[in-house]
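In: Can you look at this prediction? I've put the sequence above it.
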Amino acid sequence: MNTVLSVENLSTYFKTDKGIAKAVENVSFSLNKGEMLGLIGESGCGKTTVAQSILRLIEYPGKVVSGRVLLNGRDLIKASEKELSSMRWKEISVIPQSAMNALNPIFTIGDQIMESILLHENVSKREALQRTKTLLELVGIDGERWRSYPHEFSGGMKQRVAIAMALACNPKLVISDESTTGLDVLTQAQVIALIKSLQKKMDLSVILISHDLPMVTAICDKIAIMYAGNIVEWASTEDILKNPRHPYSQALLNASPDLSNPEKEVVSIPGSVPNLVDFPHSCRFHTRCPYAYDKCRQENPEFKEIKKGHYVACFLEEEGNHG
Ligand SMILES: Nc1ncnc2c1ncn2[C@@H]1O[C@H](COP(=O)(O)OP(=O)(O)OP(=O)(O)O)[C@@H](O)[C@H]1O
């Protein structure tokens, strides 16, 4: 397998008035060429912080305090600003949460897509325009609409334009951070289906950040489940669905509706996510875990491979207490 991205022991903290918020702690996962990984978890668990750390977009009061982010073997954490700007768009790009943030209302969408091509590649204006039209067609918009302004498009179409922009310089890795937020359910499904079809067509590696577990299980090859700044389980979608090992993964699956089984009882997870400020060195899920015992309150379990490609951070695995 060809590894495109490898995140190793990444920790990102934020300085706050009340102390240090350990927003991301010791996070590790990797992504192969042509693979789609769903990064999932409750609001505030650190998904966006992981994405921004990978992209080196963390700003004060935040800081990446340790770890490596290897993109095709190059460590982005150590890269210079010059190296980074040559890699952004061409090797790694983002489909943002809201197209409104990506598109400037006073320029045509064609000008904006062309600008990103011209800024990063040595091509003529004519070629950039041709590529812009092809990109628009690729995302299901008539190429001749390159002359339109953002306000002439619906929310779903603007999101398609944002996808076209993210693909403008043929990146190998695309991060989609809740890119369907604010769209109606039908349009969300269309945009997600578009991302999936482009990923297959272009053999892209995609990190899909979401809190929608049924959607992620429907389209991702692998899933990493985050809880309070840690990845607690990372495995193939099949393993996550058939054999979830971490009590939080099990609870999350029980808390999600299953479209293929409408009779399923949906059980919410009792308790709430802990405050990440000066968090003690214990399992972060122990306050909500039905199986927690003394060790879970005193130590944080290591993230370990329990079978090929299936990683879990839970003492129950070590003790062999699991079914
Ligand atoms: N600028 C900041 N200052 C202080 N703490 C921050 C800041 N940004 C993020 N955090 C901390 O990082 C944690 C993770 O936030 P993050 O936005 O990464 O979560 P998320 O899983 O992406 O949430 P959502 O699904 O709501 O977007 C927050 O709970 C908060 O403690």
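Out: Looks like it arrived, so ask away.

In: May I have the residues that are in contact with P105?
Out: 149-151 (C-beta atoms under 8 Å, 6 or more residues apart in numbering). Quick note: C-beta positions are derived from backbone N, CA and C, even for glycine.

In: which parts of stretch 252-269 are buried?
Out: 252-253, 256, 269 (16 or more other C-beta atoms under 10 Å).

In: Name the nearest of those relative to the ligand.
Out: Each of the buried residues of stretch 252-269 was scored against the ligand by C-beta to the nearest ligand atom, and L252 proved nearest at 13.3 Å.

In: picking that back up, mark which of the contacts of P105 are buried, thanks.
Out: For the contacts of P105, buried by 16+ other C-beta under 10 Å: 149-150.

In: now for the helix or strand hosting L316, which elements pack on it?
Out: Following DSSP states H and E, one finds L316 within helix 315-319. With contacts defined as 3 or more C-beta pairs under 8 Å, 6 or more residues apart in numbering; DSSP states H and E, helix 315-319 has these neighbours: strand 304-307.

In: who does the next helix-or-strand element following the strand it packs on pair up with?
Out: Note on strand 304-307: by DSSP H and E, the next helix or strand toward the C-terminus is strand 310-312. Using DSSP bridges, the strands paired with strand 310-312 are strand 230-236 (antiparallel), strand 304-307 (antiparallel).

In: what's in contact with strand 310-312?
Out: Under C-beta under 8 Å, 6+ apart, the answer for strand 310-312 is 28-29, 231-236, 239, 243, 245-246, 303-306.

In: and the nearest residue to E318 once chain neighbours are set aside, which of the three is it?
Out: Nearest-residue entry for E318: P301, 7.3 Å, with adjacent residues in sequence omitted and distances by C-beta to C-beta, 6 or more residues apart in numbering. Using DSSP: H, G, I helix; E, B strand; the rest coil, the structure places P301 in coil.

In: P301: what's it in contact with?
Out: Contacts of P301 by C-beta under 8 Å, 6+ apart are 283, 313-315, 317-318.

In: In PyMOL, how would I select the buried members of the residues you listed?
Out: Those of the contacts of P301 that count as buried under 16+ other C-beta under 10 Å are selected in PyMOL with:
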select buried, resi 283+313+314+315+317
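
In: and S11, what are its phi and psi?
Out: phi -130, psi 130 (degrees, to the nearest 10).

In: closest to the ligand out of the strands paired with strand 310-312?
Out: strand 230-236 (11.6 Å).

In: I'd like the distance from that closest one to the chain centre, please.
Out: Remark: strand 230-236 is offset 13 Å from the chain centroid, using C-alpha atoms, centre = their mean, to the nearest Å.

In: And stretch 51-67, by the same measure?
Out: 15 Å.

In: so who does the residue in the stretch 101-250 of the chain positioned nearest to the ligand touch?
Out: The ligand sits closest to H211 of the stretch 101-250 of the chain, with a gap of 5.6 Å, by C-beta to the nearest ligand atom. Applying C-beta under 8 Å, 6+ apart, we find H211 in contact with 40-43, 47, 178.

In: Now do the SS call for L39.
Out: Under three-state DSSP, L39 comes out as strand.

In: Tell me, how many residues neighbour it?
Out: 29 (other C-beta atoms under 10 Å).

In: if I look at it, how far off is N254?
Out: 20 Å (C-beta to C-beta, to the nearest Å).

In: the helices in the stretch 51-200 of the chain, which residues?
Out: 81-87, 99-102, 109-120, 125-138, 155-166, 185-202 (DSSP state H, counting those that start in this stretch).

In: which parts of the first one are buried?
Out: So that's helix 81-87. Within helix 81-87, judged by 16+ other C-beta under 10 Å, the buried ones are M87.

In: what's that helix in contact with?
Out: 56, 71, 74, 76, 79, 120.

In: Now the buried members of these.
Out: Applying 16+ other C-beta under 10 Å to the contacts of helix 81-87 flags 56, 71, 76, 79, 120 as buried.

In: and the residues you listed as a markdown table, adding pLDDT and distance to the ligand?
Out: Putting the buried ones among the contacts of helix 81-87 into a markdown table (pLDDT from 0 to 100; distance: C-beta to the nearest ligand atom, whole Å) gives the following:
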| residue | pLDDT | distance to the ligand |
| --- | --- | --- |
| R56 | 94 | 15 |
| L71 | 95 | 20 |
| L76 | 95 | 18 |
| A79 | 94 | 22 |
| H120 | 89 | 27 |
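
In: Now intersect those with the strands, please.
Out: Members of those lying in strands (criterion: DSSP state E): L71.

In: Pick the one among the buried ones among the contacts of helix 81-87 closest to E35.
Out: Nearest to E35 out of the buried ones among the contacts of helix 81-87 is L71 (C-beta to C-beta; 14.2 Å).
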